[in-house]
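> I would like to see how this sequence folds:
(one chain, ligands or ions: 1)
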Amino acid sequence: MLKLIDIHKTFNPGTINEKVALNGVDLHLNEGDFVTVIGGNGAGKSTMLNAVAGAWPVDSGKIIIGGTDVTKLSEYKRAAYLGRVFQDPMTGTAATMGIEENLALAKRRGKSRLLRPGITRQEREEYHELLKILGLGLEDRLTSKVGLLSGGQRQALTLLMATLKKPQLLLLDEHTAALDPKTAAKVLEITDMIVTRDHLTTMMITHNMRDAITHGNRLIMMWEGKIILDIQGEEKKKLTVKDLLDKFEEASGEEFSNDSALLS
Ligand SMILES: Nc1ncnc2c1ncn2[C@@H]1O[C@H](COP(=O)(O)OP(=O)(O)OP(=O)(O)O)[C@@H](O)[C@H]1O
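Residues are numbered from 1 along each chain as shown. Model prediction:
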């Protein structure tokens with residue numbers, strides 16, 4: 001489903017700020033894989049997701065989504081394959097528009113919006129049903145402005161919008177990091193439900209090792225722009241935080257530094 005072949009990316013090459021962010025990333029995701037991505041600060045996690053999304057051209061390597069080589073495709077064109085949710089609940093939705101208008105925008109992504117300016121009764125019913133599944137009561141607030149929603153409600157709505165058209169690949173960049181633990185758990189529960197229901201191939205960055213262990217069928221750990229661990233199946237199910245720390249030290253040759261975020 002997704003193939004990253006020997007991806008390299010250096011920011012500000014040849015300057016004092018030169019930074020090798022991806023240093024030969026190889027990854028092959030099977031259809032329906034739900035991969036959690038962990039690693040210390042600056043390990044290259046977001047850069048890997050941005051490379052897939054086409055935020056900028058990679059220096060070398062190939063990116064293949066569902067058999068199509070997208071390495072040279074613009075971010076705009078690649079968006080057709082992707083759903084994305086970011087850390088900040090303020091991104092991903094339009095605050096001054098209603099819930100149903102936001103959903104309608106997501107539904108019409110890639111189509112001319114001028115063709116169908118209004119929201120039909122049928123669509124409203126569809127949105128009502130979709131929102132009901134979230135269990136947040138949003139189905140009764142279809143016309144409420146999104147700016148009035150809590151961070152968690154907004155992230156749940158963003159998730160719904162990002163997956164409305166069943167993307168080939170769902171990219172979650174610490175999408176629960178800005179939420180309180182209870183709300184984060186609820187949004188993760190909704191994430192699991194949607195990913196499983198729609199059989200979505202998913203990459204989720206998290207700083208929380210426990211979440212990385214609990215969610216998904218596969219876990220990768222990054223370090224200095226490389227994937228240093230790739231654990232799946234039964235091995236992943238049995239993982240503990242201590243195992244991960246040990247494996248980090250084994251693979252990186254470094255003692256695990258006091259990265260409180262990663263250990264939280
Ligand atoms: N647009 C950019 N311009 C310059 N340097 C960048 C850019 N994006 C990322 N970097 C650098 O590349 C390295 C990898 O960053 P990245 O954001 O991918 O790390 P990360 O693993 O997501 O870390 P964190 O957990 O702190 O978000 C870092 O040193 C970062 O400063």
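
> Below-threshold pLDDT in the protein: ranges please.
Applying pLDDT under 70 to the chain flags residues 110-117, 256-264.

> same thing but 80
109-118, 254-264 (pLDDT under 80).

> how about the residues of it that lie near the ligand?
The chain comes close to the ligand at residues 11-12, 19, 21, 39, 41-47, as judged by Cβ under 6 Å from any ligand atom. (C-beta placed from N, C-alpha, C; glycine too.)

> Mind checking which of those residues are buried?
The neighbour-count criterion (16 or more other Cβ atoms under 10 Å) marks 21, 39, 43-47 among the residues of the chain next to the ligand as buried.

> Report the buried residues of the helix ranked longest in the chain.
In the chain, taking DSSP state H as the definition, the longest helix is helix 181-198. Residues of helix 181-198 classed as buried: 183-184, 186-188, 190-191, 194-195, 198 (neighbour count, 16+ other Cβ under 10 Å).

> just checking, which of the buried ones among the residues of the chain next to the ligand belong to strands?
If you go by DSSP state E, these have 21, 39 in strands.

> Just flag the most distant two among the buried ones among the residues of the chain next to the ligand.
Ala21 and Gly39 (11.8 Å; Cβ to Cβ).

> Just the strands from this protein, written as ranges.
2-11, 19-29, 34-39, 60-65, 68-69, 82-85, 169-173, 201-205, 218-223, 226-232.

> Out of those, which gets nearest to Thr143?
With Cβ to Cβ, the closest approach to Thr143 among those belongs to strand 82-85: 23.3 Å.

> What strands line up against that closest one, and which way round?
Applying DSSP bridges, strand 82-85 is found paired with strand 169-173 (parallel).

> can you state the direction angle for the strand it pairs with and strand 34-39?
Relative orientation of strand 169-173 versus strand 34-39 (axes from the mean of the first three to the mean of the last three Cα atoms, to 10 degrees): 30 degrees.

> Can I get strand 169-173 in PDB? Just the C-alpha atoms.
These are the backbone C-alpha positions of strand 169-173, laid out as PDB (Å, rounded to 0.1, in the frame of the first residue of the first chain):
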ATOM      1  CA  LEU A 169      -3.600   6.400   3.700                       C
ATOM      2  CA  LEU A 170      -4.500   8.200   6.900                       C
ATOM      3  CA  LEU A 171      -1.700  10.300   8.500                       C
ATOM      4  CA  LEU A 172      -2.100  11.200  12.200                       C
ATOM      5  CA  ASP A 173       0.600  13.600  13.500                       C
END
